[in-house]
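*Asks:* A structural model of the following input is requested.
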Amino acid sequence: MKEIDFLPEWYKSGRRRQVGYRTQYVVLGCVFVVMVVWNFIAAHSISKATAELNQEVVRQTEAQSMSQEFAGLKGEAADLQKKAERIKEIDSKIDVASVLAEMSFLIDEKIVLSKVEFDAETFADKQGKKPNRGSAVRVVGGSLAGKETPLGDVRFKVVVSGVASDASDVAKLVCNLEDSPYFCQIIPSFSRNKKMQIGAGSAKQDFQVSEFEIACFLANYEELITDNRL
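*Replies:* This is a model prediction of the structure:
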């Protein structure tokens, strides 16, 4: 038995076109959804990358600032180190107040000082070579004007001058200086009798005193002796 199709050809063609249009609409819709999702993902990725880039720029700026600050601190530290070395060279390494207090304790009431002098000296070579003066500070003004005070490792020579009522008082002072841990190498420069007049007019009196000068060194150093035969 043969089937007879009563639908016209134009109706079938229209139906096929409608199915094709619907398929295209679905495909285009899917493509549009995919594009929207892709655009959203790309925008999110770009935003995240931009934020990370901004953070990296901030970190780089902070790193540069810290690097500059570190360089500045390093320069300041170098300057302070130089100043510390300079101060170490200038430092006399003596406590003048303690030395004067020790001298006041050792000097008898029968002795009157006229001069107490501190002279810095570099260490002389044992073989007779001249001491290396190295750096020095020139003192301006006062009785030391024009003199250069050596820097670095120095020893201090103390010169004491005055008068005593008797020569035995001078000898006692020399013994006291030798027994003191503050001084070493006590050398009496001179000790001589001298007449002094006290008072005025008819009340003037002559006194026999002993004028002296003693030189010594502060015992705040140790001198190492090397044997050149080794």
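*Asks:* any chance you could map the helices in this protein?
*Replies:* 9-90, 96-106, 167-179 (DSSP state H).
*Asks:* max-length strand in the protein?
*Replies:* strand 183-198 (DSSP state E).
*Asks:* once you drop chain neighbours, what's closest to residue 195?
*Replies:* Spatial nearest neighbour of residue 195, excluding adjacent residues (Cβ to Cβ, 6 or more residues apart in numbering): residue 206 at 5.6 Å. All C-beta atoms are positioned from the backbone trio N, CA, C, and that covers glycine.
*Asks:* how about the longest strand of the chain: buried residues?
*Replies:* Residues of strand 183-198 classed as buried by neighbour count (16 or more other Cβ atoms under 10 Å): 183-184, 186.
*Asks:* give me the helices and strands touching that strand, please.
*Replies:* Using 3 or more Cβ pairs under 8 Å, 6 or more residues apart in numbering; DSSP states H and E, the elements in contact with strand 183-198 are strand 154-164, helix 167-179, strand 205-218.
*Asks:* residue 21: which of the ones you listed is closest?
*Replies:* Closest approach to residue 21 among those (Cβ to Cβ): strand 154-164, 108.9 Å.
*Asks:* let's test this: mean pLDDT of that closest one, rounded?
*Replies:* Strand 154-164 carries an average pLDDT of 87.
*Asks:* what do you get for stretch 33-52?
*Replies:* For stretch 33-52, the mean pLDDT works out to 90.
*Asks:* for stretch 78-91, same thing?
*Replies:* 78.
*Asks:* repeat for stretch 97-105
*Replies:* Throughout stretch 97-105, pLDDT has a mean value of 87.
*Asks:* stretch 122-129 too?
*Replies:* The average pLDDT for stretch 122-129 rounds to 54.
*Asks:* ditto for stretch 219-230
*Replies:* Across stretch 219-230, the average pLDDT comes to 61.
*Asks:* that older thread, from the buried residues of strand 183-198, pick the one nearest residue 167.
*Replies:* Nearest to residue 167 among the buried residues of strand 183-198 is residue 186, at 15.9 Å by Cβ to Cβ.
*Asks:* ok, that closest one - contacts?
*Replies:* For residue 186, the contact set (Cβ atoms under 8 Å, 6 or more residues apart in numbering) comprises 174, 177-178, 214-216.
*Asks:* narrow those residues to those that are buried.
*Replies:* 174, 177, 214-216.
*Asks:* tally of neighbours for the nearest residue to residue 182 once chain neighbours are set aside?
*Replies:* In space, and not counting its chain neighbours, residue 182 is closest to residue 102: 4.6 Å by Cβ to Cβ, 6+ apart. Neighbour count for residue 102, taken as other Cβ atoms under 10 Å: 17.
*Asks:* against residue 53, how distant is residue 45?
*Replies:* Distance, residue 45 to residue 53, by Cβ to Cβ, to the nearest Å: 12 Å.
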